[in-house]
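Novice: okay, predicted coordinates and the sequence, questions at the end:
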Protein chains: 2
Amino acid sequence: MEQGARVVVVGAGFGGLTFCQTFREPGARITLVDRRNHHLFQPLLYQVATGGLSAPDIAQPIRSILANDPNLNVLLDEVTGFDLAARQVQTAKTTLSYDYLVLAFGGVTSYFGHPEWEQFAPGLKTLEDALRIRNQVLLAFEHAEAEPSAERHRKLMTMVVVGGGPTGVELAGAFSELARHVLLHDFRNIDPREARVVLIEAGPRILSHLPEDLSESAERQLRNLGVEVLTSTKVKSIGEQLVELETGERIEAATIVWAAGVSAHPLTRKLGNGVELDRAGRVKVNPDLSLQGHPEVFAIGDMALVIGEDGKPVPGVSPAAMQMAKHAAKIISGELQGTPGGRTPFRYHDKGTMATIGRSAAVAILGNQHLSGFIAWLAWLAVHLLFLIGFRNKLSVLLQWAYSYLTYKRGARIVFGERAGG
Amino acid sequence: MEQGARVVVVGAGFGGLTFCQTFREPGARITLVDRRNHHLFQPLLYQVATGGLSAPDIAQPIRSILANDPNLNVLLDEVTGFDLAARQVQTAKTTLSYDYLVLAFGGVTSYFGHPEWEQFAPGLKTLEDALRIRNQVLLAFEHAEAEPSAERHRKLMTMVVVGGGPTGVELAGAFSELARHVLLHDFRNIDPREARVVLIEAGPRILSHLPEDLSESAERQLRNLGVEVLTSTKVKSIGEQLVELETGERIEAATIVWAAGVSAHPLTRKLGNGVELDRAGRVKVNPDLSLQGHPEVFAIGDMALVIGEDGKPVPGVSPAAMQMAKHAAKIISGELQGTPGGRTPFRYHDKGTMATIGRSAAVAILGNQHLSGFIAWLAWLAVHLLFLIGFRNKLSVLLQWAYSYLTYKRGARIVFGERAGG
């Protein structure tokens, strides 16, 4: 076995973390670099944005998760560049040399060439995003309560979500439940049930990655929750508290969230000219997930463009990132132990897809089964609780959910980090 | 009964909230103004600062607490001034007229004429303060881990707490436990047990509001946790990561917290020339808690200077604020119902005092009993759990504590709201 091989992993999302948990070579030294001190359970970020969970409920210190592996170093640091020829990663604090490099730094919200929209319509990728949205929507209701002009109420109580993918659907459903159930008895001058939630999707149907019958079911379930669903509707521009559609319609809304696009983290552009990227900035990888010309460098998760056996890109979901991590770990382990199994191609095993819409409302495809409503929601709940295993907060999160489910209350409706004035 | 009397309450701390919960006159309209949307359970703020609890664990939406009273309006707004002659409160959004006014806006951290120290040594009064301190101390350990020079480790791993009152003692104990137990296995290059926690008190003993034997016990318990306690030690100046003592000694520390002083919120200065304030900005009140010349205006809690029967000021603790709230509510109720019981003087009933130091470590005085160590800690725990009744998170907080107690883990060690760079 090669002694003291140095493995550097960039990013502690689902991909990077799973790699570190899977790859256990006694002789190898692993350094995991992330600019955050925590791993984020992103599938529940919308719950933080809508006051259902607190930030630490869905975040876990990286050191704490990986405390048991003495060969593993965690470095809280910002990666600034790469020198693939010299096999080095530059960070704000130091330079790391590697024998193997695993790139897993994920994606960022993409505004399709309109970065100026970000200030008016935050995305939902980080805890800061979630708390910004939570503050925005809660303060909008506060301002409406204090606002004598009924005309202004409408704008303050309108929430627009752009993008009908899973995040957009979850957010729209949760916004509507927040207004219609959670805040119902809190105000005296406004009726939160008059709140308007609009979900805008450019394509002909929401949740386009699912079969048509499930898209239809999801749309029906959203409408039952009081959400206006606009499909085949393109956004022309976004301004302050204003969404303008290509039809010319203008929607005034105090809360606008952008859930329409994700691209690879811009760090992929620092990998050098020899590394080919697609339009979304994702790294095109070999079938074994390594970079062309760099068998010692792997790219996994949302930042990698991996073509599946069906000729389509593997979707940017956490199970795919975790499977890629295990694939890369197996290849590197084999080569370090001197028993390489060859560079087998990565195969994505789609174990099912699901999207939640609200309390007792979801759609899911498991094997050949298409599920809707309560049964799909139970499946979603079960899978997410399984995911949370290993998270300290598992029990606490479960209790919060049980409480919210029974009482329609959301305990984390706390505005902080900015002043409530004006 | 006077119909439609207007009662305005400023501040939703322990005083203001208790007033609203106690004062239930069917014909009166109450408006509660606060610039935050949440009531904060301040006695546990140090737990948020040291990663033991999350912000929403100790904060509850004001609207949610008071949702059942249809005569009560909650206004999220910033009070900007008062016109006591016209019986009006000015806010950023509106002007409120009142028949009775209850002032309960509490205190702020005071730097004794050195406001420039605030940037180097935050106080601990708000959720933002707590998260700032949490980020600061966790990032200091991260920087130490990445710092090759052992010389710089010492500064990064030193925490200084200025002020030996209850908050300072709790913080110092929690810092020491954080380093010595919680973070123990998380690092590879540093040994968190080498962290230094220094508690600086200007007076001859810590917890000077308690009998001498309990001060001594508290100091002993702190030393057992590894805290250096410096009494009769005055701070000369505070700079960036530097505390200079009057003895000339300089202590370099990445984390400095100021817990040495509290004064009334500066809003007391806007009450007008006719209202007398003490040096800490507190309003001098009549024995019935009303303002001189303004029987319709009451001041309660930390912002009021109330002289007890022993000739000493009533301490600025939450039980006192709550008792004052009930006293004011009773007087106003009586007058509105036309059955005034006269303006009886307020009497503070001291039901006991306690301070927690760490796991199984505390001091308490209950009646004539002086308690120390585990038994005092149990008493502290019981009282705080009782306090938390009415808080949604009671069960969740209890579970967090049980978990932390059994495992020495702290689940909320999450850095967010700022970048980890540099």
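Specialist: Okay, I see it.

Novice: could you report the distance from the closest residue to A:I133 other than its chain neighbours to chain B?
Specialist: Closest residue to A:I133 apart from its sequence neighbours, by C-beta to C-beta, 6 or more residues apart in numbering or on different chains: A:A49 at 4.2 Å. Using the backbone N, CA and C atoms, a C-beta is placed for each residue, glycine as well. Using C-beta to the nearest C-beta, to the nearest Å, one gets 13 Å for the distance from A:A49 to chain B.

Novice: does A:V275 count as helix, strand or coil?
Specialist: coil (DSSP: H, G, I helix; E, B strand; the rest coil).

Novice: so it makes contact with A:N286?
Specialist: No: in this structure, A:V275 is not within contact of A:N286 by C-beta atoms under 8 Å, at 11.8 Å.

Novice: what do these two both touch?
Specialist: Both A:V275 and A:N286 are in contact with A:Q292, where contact means C-beta atoms under 8 Å, 6 or more residues apart in numbering or on different chains.

Novice: neighbour count: those two, which is higher?
Specialist: Counted by other C-beta atoms under 10 Å in any protein chain shown, A:V275 and A:N286 do not tie: A:V275 has more neighbours, with 21 against 17.

Novice: so who does that one touch?
Specialist: Listed by C-beta under 8 Å, 6+ apart, the contact partners of A:V275 are A:84, A:268, A:283, A:291-292.

Novice: now the strands for the stretch 1-150 of chain A?
Specialist: Along the stretch 1-150 of chain A, counting by DSSP state E, counting those that start in this stretch, strands occupy A:6-10, A:29-34, A:38-40, A:59-61, A:72-76, A:79-83, A:88-91, A:95-97, A:100-103, A:107-109.

Novice: which positions in the first one come out as buried?
Specialist: The reference is to strand A:6-10. Across strand A:6-10, burial judged by 16 or more other C-beta atoms under 10 Å in any protein chain shown covers A:7-10.

Novice: still on that earlier bit, pull the most distant pair out of the contacts of A:V275.
Specialist: Greatest spatial distance among those (C-beta to C-beta): A:T268 and A:Q292, at 13.8 Å.

Novice: more neighbours, the two?
Specialist: Per other C-beta under 10 Å, whichever of A:T268 and A:Q292 has more neighbours is A:T268, with 22 against 13.

Novice: in the stretch 151-300 of chain A, what residue is nearest chain B?
Specialist: When scored by C-beta to the nearest C-beta, the stretch 151-300 of chain A has A:D186 as its residue closest to chain B, at 3.8 Å.

Novice: burial count for that residue?
Specialist: The local packing of A:D186 (other C-beta under 10 Å) involves 20 other residues.

Novice: next, count neighbours for the residue lying closest to it once chain neighbours are set aside.
Specialist: Take A:D186 and drop its neighbours on the chain: the residue closest to it by C-beta to C-beta, 6+ apart is B:R63, 3.8 Å away. For B:R63, the neighbour count with other C-beta under 10 Å is 25.

Novice: state the mean pLDDT of stretch A:315-326.
Specialist: Per-residue pLDDT over stretch A:315-326 has a mean of 93.

Novice: try stretch A:194-205
Specialist: pLDDT averaged over stretch A:194-205 gives 97.

Novice: chain B contacts on the stretch 101-250 of chain A?
Specialist: For the stretch 101-250 of chain A, the residues in contact with chain B (C-beta under 8 Å from any C-beta of the partner chain) are A:126-128, A:131, A:138-139, A:142, A:145-146, A:183, A:185-189.

Novice: distance across stretch A:226-246, terminal residue to terminal residue?
Specialist: 24 Å (C-alpha to C-alpha, to the nearest Å).

Novice: check stretch A:87-101 too.
Specialist: Counting by C-alpha to C-alpha, you get 8 Å between the two ends of stretch A:87-101.

Novice: surely A:K330 is in a helix?
Specialist: Yes: assessed with three-state DSSP, A:K330 lies in a helix.

Novice: pull the number of nearby residues for it.
Specialist: Look at A:K330: counted by other C-beta under 10 Å, it has 14 neighbours.

Novice: for chain A, name the helix or strand with the lowest mean pLDDT.
Specialist: Lowest mean confidence among the helices and strands of chain A (mean pLDDT, DSSP states H and E): helix A:394-407, at a mean of 59.

Novice: low-scoring stretches of chain A, by residue?
Specialist: A:1-3, A:340-341, A:385-422 (pLDDT under 70).

Novice: which stretches of it form helices?
Specialist: All helices of chain A, identified by DSSP state H, fall at A:14-22, A:45-49, A:62-65, A:127-146, A:150-156, A:166-177, A:212-224, A:318-336, A:374-387, A:394-407.

Novice: which strands and helices sit next to the third one?
Specialist: The one in question is helix A:62-65. Counting contacts by 3 or more C-beta pairs under 8 Å, 6 or more residues apart in numbering or on different chains; DSSP states H and E, helix A:62-65 packs against helix A:14-22, strand A:38-40.

Novice: partners of the last one, with directions?
Specialist: Partner strands for strand A:38-40, per DSSP bridges, with pairing direction: strand A:59-61 (antiparallel).

Novice: one step back: buried among the residues of the stretch 101-250 of chain A next to chain B? Need that as a selection in PyMOL.
Specialist: Of these, the buried ones go into a single PyMOL selection, burial set by 16+ other C-beta under 10 Å:
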select buried, chain A and resi 126+127+131+138+139+142+145+146+183+186+187+188
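
Novice: right, and out of the residues of the stretch 101-250 of chain A next to chain B, which lies closest to A:S333?
Specialist: A:T126 (31.9 Å).

Novice: I'd guessed that closest one sits against A:L40; true?
Specialist: Yes: between A:T126 and A:L40 there is a contact at 7.3 Å, judged by C-beta under 8 Å.
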